[in-house]
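A.B. asks: next input, structure requested:
(chains A and B)
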2 protein chains.
Amino acid sequence: MTHTTPTRIAVIGGTGPQGRGLAYRLARAGHSIVLGSRDAARAGAAAAELRQQLDVAEITGASNLDAAAGAPVVLLAVPYDGHTELVTGLAAALDGRVVISCVNPLGFDKHGPFGLDVPAGSAAEEAAAIAGAATVVGAFHHLSAPLLLDPEADLSHEDVLVCGDDRAAKELVMGLATDVTGGRAIDAGRLRLARQLEPLTAVLISVNKRYKTRSGVAITGLTQASQEKVIA
Amino acid sequence: MTHTTPTRIAVIGGTGPQGRGLAYRLARAGHSIVLGSRDAARAGAAAAELRQQLDVAEITGASNLDAAAGAPVVLLAVPYDGHTELVTGLAAALDGRVVISCVNPLGFDKHGPFGLDVPAGSAAEEAAAIAGAATVVGAFHHLSAPLLLDPEADLSHEDVLVCGDDRAAKELVMGLATDVTGGRAIDAGRLRLARQLEPLTAVLISVNKRYKTRSGVAITGLTQASQEKVIA
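C.D. replies: Modelled structure (predicted):
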């Protein structure tokens, strides 16, 4: 069922809703998942729960550090609060890894959600600056965690926007994105465009509140022909 | 053909591609348009050209200042470069107006497009700060100018994201958005979310380049039911 070669993927922050949701979909597509958490026991419990839901899937739990050290692909699915310290602590273990960031630096006040100012421009660029020997790709910012975790939810009409500066890593992540949603992944350009992708989630949360729904993003104008031009 | 009461709308920067495109669609829907330009003669020539294309429509040209002074709704369709000075010069004329900003503060370098740092957060918020007695709404950031100007182009699958702090002004602009595209307008939340809507255009331009297309944005998860909940 994978569109990509089955891969071992560490999900840092794998006990949170976004991490669990992405882990569930990636495991269901045939990838081998290690959930990371600050607390290895909590990661183990979350892994056991997902294994029950999926029956055959290979899902284990570990400390964030052990999870990252044991997988070629590492997904950062943590809140932005504490991100700098977390990535700093993992930097050595991320050496040579493809690191996927779906971190959304958002704040909330009485007027709703808003994008936080991030000194590096975006969480993805911050991770790239701290973990200099990792290849960072931004993706999966806009998928709703409850929908990811809902076995019946069809996500194939949502586009996963993927940004990064390394073509091969970006293509790997675009394959994983198709495994997650069953739909399209879109090359959104350079890693610095994570500055736009991450806080766009504030707009989606605002729409969710106003329309009482779980919104996502699709890009119009991408015909089959325009996508084939790129593949060719 | 309008979904809203026919309205007199001034399009500041009405000789540029985005301004002309929006003017064309608004005039076609039955609104009365005055194109503004720094040079009233250029605005008059652009208006004459659009009148020829549309036959019946009411389109005239004027200086930016005269255009703004003569219409209850003013659309800012100018490049960000020079925006501060332009709005400062028009501020008195914008008193009491609904001002629609579709300004995208973007930069370009060898790596492609990127969002500029705007001291006020976004061009829309900058306009609101300078023209304190105007009601500013952000909209129309993501529509392709060539598609707007193409009489055959169907834009009904694109969503117009509208942000603002005044409910009535936002509803007026959402009506105009439906007049422009024939599709949906989405209440994206507070005006400050223009910080996310404006530079998202950098992502679309990047996608256009990669996929050789004219991309736009749609929001997923908005069922008819969720939209009716809001209307009700």
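
A.B. asks: any idea how far A:G175 lies from chain B?
C.D. replies: Taking Cβ to the nearest Cβ, to the nearest Å as the criterion, A:G175 is separated from chain B by 17 Å. No exception for glycine: its C-beta is placed from N, CA and C like everyone else's.

A.B. asks: and the next helix or strand past the helix or strand harbouring that residue?
C.D. replies: Per DSSP states H and E: A:G175 is located in helix A:167-181. Using DSSP H and E, the helix or strand that follows helix A:167-181 towards the C-terminus is strand A:185-189.

A.B. asks: put the alpha carbons of that next one into CSV.
C.D. replies: Provided in CSV are the C-alpha atoms of strand A:185-189 (Å, rounded to 0.1, in the frame of the first residue of the first chain):
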residue,chain,number,x,y,z
ALA,A,185,1.8,16.1,-2.5
ILE,A,186,2.8,19.4,-4.0
ASP,A,187,6.3,20.8,-4.2
ALA,A,188,5.8,24.2,-2.7
GLY,A,189,9.4,25.4,-3.2
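
A.B. asks: right, is the helix or strand following that strand up against chain B?
C.D. replies: Next helix or strand after strand A:185-189 toward the C-terminus (DSSP H and E): helix A:194-211. Yes - applying Cβ under 8 Å from any Cβ of the partner chain, one finds helix A:194-211 touching chain B at A:195-197, A:199-200, A:202-204, A:206-211.

A.B. asks: list the buried ones in helix A:194-211?
C.D. replies: A:194-208, A:210-211 (16 or more other Cβ atoms under 10 Å in any protein chain shown).

A.B. asks: do the same with stretch A:148-158
C.D. replies: A:L148, A:L149, A:A153, A:L155, A:E158.

A.B. asks: among the residues you listed, which are in reach of chain B?
C.D. replies: Near chain B, by the rule Cβ under 8 Å from any Cβ, you find A:E158 out of the buried residues of stretch A:148-158.

A.B. asks: is it possible to get CSV of the buried residues of stretch A:148-158 that adds secondary structure?
C.D. replies: Compiled in CSV, these are given as follows (DSSP: H, G, I helix; E, B strand; the rest coil):
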residue, secondary structure
A:L148, helix
A:L149, helix
A:A153, coil
A:L155, coil
A:E158, coil
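
A.B. asks: surely A:V34 is within a helix?
C.D. replies: No - per three-state DSSP, A:V34 lies outside any helix segment and is strand.

A.B. asks: about what we covered before: other residues contacting the helix holding A:G175?
C.D. replies: A:1-4, A:7, A:9, A:22, A:25-26, A:29-31, A:73, A:98, A:100, A:135, A:137, A:139-140, A:143, A:148, A:155-156, A:158, A:160, A:162-164, A:184-187 (Cβ atoms under 8 Å, 6 or more residues apart in numbering or on different chains).

A.B. asks: and it, C-alpha only, in CSV?
C.D. replies: Taking Å, rounded to 0.1, in the frame of the first residue of the first chain, the C-alpha atoms of helix A:167-181 are listed here in CSV:
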residue,chain,number,x,y,z
ARG,A,167,15.4,17.7,-4.2
ALA,A,168,15.8,14.0,-3.2
ALA,A,169,14.7,14.5,0.4
LYS,A,170,11.7,16.5,-0.8
GLU,A,171,10.7,13.7,-3.2
LEU,A,172,11.0,11.1,-0.4
VAL,A,173,8.7,13.2,1.8
MET,A,174,6.2,13.8,-1.1
GLY,A,175,6.0,10.0,-1.4
LEU,A,176,5.3,9.7,2.3
ALA,A,177,2.7,12.4,2.0
THR,A,178,0.8,10.4,-0.6
ASP,A,179,1.1,7.4,1.7
VAL,A,180,-0.6,9.5,4.5
THR,A,181,-3.4,11.0,2.5
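
A.B. asks: buried ones in it?
C.D. replies: Here helix A:167-181 shows A:169-181 as buried, counting by 16+ other Cβ under 10 Å.

A.B. asks: how about stretch A:67-87?
C.D. replies: Applying a neighbour-count criterion of 16+ other Cβ under 10 Å, one finds A:67-69, A:71, A:73-78, A:80, A:83-84, A:86-87 buried in stretch A:67-87.

A.B. asks: now, the most widely separated pair of those?
C.D. replies: Greatest spacing in these, by Cβ to Cβ: A:A69 and A:Y80 (23.3 Å).

A.B. asks: could you give the bridge partners of A:V162?
C.D. replies: With DSSP bridges applied, A:V162 shows beta-bridge pairing to A:D187.

A.B. asks: quick one: contacts for it?
C.D. replies: A:V162 neighbours (Cβ under 8 Å, 6+ apart): A:V137, A:G138, A:A139, A:K170, A:V173, A:M174, A:A177, A:A185, A:I186, A:D187, A:A188.

A.B. asks: of these, closest to B:G16?
C.D. replies: Taking these together and measuring to B:G16 by Cβ to Cβ, the closest member is A:A188, at 25.9 Å.

A.B. asks: need the contact list for that closest one.
C.D. replies: A:A188 touches A:G138, A:L161, A:V162, A:C163, A:L197, B:V203, B:S206, B:V207, counting by Cβ under 8 Å, 6+ apart.

A.B. asks: ok, back up a step: from the contacts of helix A:167-181, keep the buried residues only.
C.D. replies: Neighbour-count burial (16+ other Cβ under 10 Å) applied to the contacts of helix A:167-181 gives A:4, A:7, A:9, A:22, A:25-26, A:29-31, A:73, A:98, A:100, A:135, A:137, A:139-140, A:143, A:148, A:155, A:158, A:160, A:162-164, A:184-187.

A.B. asks: list the buried residues for whichever strand or helix holds A:Y24?
C.D. replies: If you go by DSSP H and E, A:Y24 is part of helix A:17-28. By 16+ other Cβ under 10 Å, the buried positions in helix A:17-28 come out as A:Q18, A:G19, A:R20, A:G21, A:L22, A:A23, A:Y24, A:R25, A:L26, A:A27, A:R28.

A.B. asks: and which of these is nearest to chain B?
C.D. replies: Nearest to chain B, judged by Cβ to the nearest Cβ, of the buried residues of helix A:17-28 is A:G21 at 15.1 Å.

A.B. asks: what sits against that closest one?
C.D. replies: Neighbours of A:G21 in contact, by Cβ under 8 Å, 6+ apart: A:L143, A:A145, A:P146, A:L147, A:L148, A:L149.

A.B. asks: how close does the closest residue to it other than its chain neighbours sit to A:F140?
C.D. replies: Leaving aside its chain neighbours, A:G21 sits nearest to A:L148 (2.8 Å; criterion: Cβ to Cβ, 6 or more residues apart in numbering or on different chains). Look at A:L148 and A:F140: by Cβ to Cβ, to the nearest Å, they are 9 Å apart.

A.B. asks: hey, what's in contact with both of these two?
C.D. replies: With Cβ under 8 Å, 6+ apart as the test, A:L148 and A:F140 both reach A:Q18, A:L22, A:V180.
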